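>>> any chance you can model this:
(one chain, ligands or ions: 1)
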Amino acid sequence: MLDIKDLTIEFGGLRAVDKFNLSINDNEIIGLIGPNGAGKTTVFNAITGLHHPTSGVIEFNKKDISMMKPYLVTKNKIARTFQNIRLFGSLTVLDNIKISYSYSIGYNLFDAVIKSHRYRRAEKEIEETSLEILKAFNLYDDAYEYAENLPYGKQRMVEIARALAAEPKLLLLDEPAAGMNPQETKNLSELICWIRDKFDVSILLIEHDMKLVMNVCDRIAVLDYGKKIAEGTPDEVKNNSKVIEAYLGDCGEEEAAIYA
Ligand SMILES: Nc1ncnc2c1ncn2[C@@H]1O[C@H](COP(=O)(O)OP(=O)(O)OP(=O)(O)O)[C@@H](O)[C@H]1O
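I've put the predicted structure just below:
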């Protein structure tokens, strides 16, 4: 479904991503890991149209999306979450979800102004589907709460739910466990597998929590200084000497602990 071929991204003199290759198949959960500054978010930004490649190609279902604008990437069924939560804090949880439907809305401005039958029908459908998604995420009771009033873990859930409301075939999660407590992280592991099955999506996951990555991913790609240094099953990656070196050399005890 997704084919990244020789992706290189430079910022001035800095090569943040260097001839990176990765393929993702239907319904796979793939981890993208690496020490801080390895280039992981830059890869996400390239897939979602926020950065364009210096060279290389990104194909989604055989279509070249390398130079696409972000809203068109979303329209083409790729959705993402961000490292720093980007909800509209002063909107309700429900409105945050409904916003995702602006990509597929079936009425025009005139319909909205005169509140035509088409407008009312579409809005009703959007509201019902959004509430269904919130129900699936156990957030139904929070639907009319302002997003900024929710605890951090729940805000992350709303962000994932909002991304799914865009009906993606590929979901990119950028450090979804950041700021979560151990119980929330454990629940998140189960949720990620459930999302893959229930919404029939592939998932590309950036995450520093190694336990989570090792638990949920079918395959893992490892970046270091912009280059892919390893790719394989969790067990293969865990035992790869280049990976151990990159983490022990760069990341300190927390991440290195998985190799202990
Ligand atoms: N817009 C930008 N302009 C200049 N340099 C950038 C830009 N975005 C990223 N970089 C640099 O590119 C390199 C890769 O950054 P990136 O954020 O992709 O790493 P990362 O693996 O996601 O790191 P982390 O795990 O800390 O989030 C870093 O050296 C970073 O400083």
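
>>> please count neighbours and contacts with C-alpha atoms only from this point.
Fine.

>>> mind giving me the packing neighbours of the host helix or strand of residue 133?
Residue 133 is part of helix 117-136, with elements assigned from DSSP states H and E. Here helix 117-136 touches helix 93-98, helix 109-114, helix 152-165, going by 3 or more C-alpha pairs under 8 Å, 6 or more residues apart in numbering; DSSP states H and E.

>>> mean pLDDT lowest where, among those?
Looking at the helices and strands packed on helix 117-136, the lowest mean pLDDT belongs to helix 109-114 (a mean of 67).

>>> residue 71 is in what secondary structure piece?
Counting by DSSP H and E, residue 71 is part of helix 70-75.

>>> give the rounded mean pLDDT of that helix.
Rounded mean pLDDT across helix 70-75 is 91.

>>> pLDDT averaged over the helix or strand just after it, what's the number?
As assigned by DSSP H and E, the chain's next helix or strand after helix 70-75 is strand 78-80. Average pLDDT, strand 78-80: 95.

>>> partner strands of strand 78-80, with direction?
Under the criterion DSSP bridges, strand 78-80 sits next to strand 170-174 (parallel) in its sheet.

>>> how far does the partner strand sit from the chain's center?
Chain-centre distance of strand 170-174: 2 Å, with C-alpha atoms, centre = their mean, to the nearest Å.

>>> so which bits of stretch 30-50 are buried?
Residues 30-35, 38-50 are the ones in stretch 30-50 that count as buried (16 or more other C-alpha atoms under 10 Å).

>>> next: stretch 73-83.
By neighbour count on 16+ other C-alpha under 10 Å, the buried set for stretch 73-83 is 73, 74, 76, 77, 78, 79, 80, 81, 82, 83.

>>> okay if I get these as a markdown table plus distance to the ligand?
Output for those, formatted as a markdown table (distance: C-alpha to the nearest ligand atom, whole Å):
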| residue | distance to the ligand |
| --- | --- |
| 73 | 19 |
| 74 | 20 |
| 76 | 23 |
| 77 | 22 |
| 78 | 19 |
| 79 | 17 |
| 80 | 14 |
| 81 | 13 |
| 82 | 10 |
| 83 | 8 |
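
>>> state the pair within those that is farthest apart.
Greatest spacing in the buried residues of stretch 73-83, by C-alpha to C-alpha: 76 and 83 (22.0 Å).

>>> quick one: strands adjacent to whichever strand or helix holds residue 32?
Under the criterion of DSSP H and E, residue 32 resides in strand 29-33. Partner strands for strand 29-33, per DSSP bridges, with pairing direction: strand 202-206 (parallel), strand 219-224 (parallel).

>>> close to the ligand, is it?
No. If you take C-alpha under 6 Å from any ligand atom as the test, strand 29-33 misses the ligand, and the best it gets is 7.5 Å.

>>> residue ranges of the helices in the stretch 151-260 of the chain, please?
152-165, 182-199, 210-216, 234-238, 241-250, 253-256 (DSSP state H, counting those that start in this stretch).

>>> output those helices as JSON lines; include the columns distance to the ligand.
What follows is the helices of the stretch 151-260 of the chain, written out as JSON lines (distance: least, C-alpha to the nearest ligand atom, whole Å):
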{"stretch": "helix 152-165", "distance to the ligand": "17"}
{"stretch": "helix 182-199", "distance to the ligand": "18"}
{"stretch": "helix 210-216", "distance to the ligand": "13"}
{"stretch": "helix 234-238", "distance to the ligand": "17"}
{"stretch": "helix 241-250", "distance to the ligand": "12"}
{"stretch": "helix 253-256", "distance to the ligand": "12"}
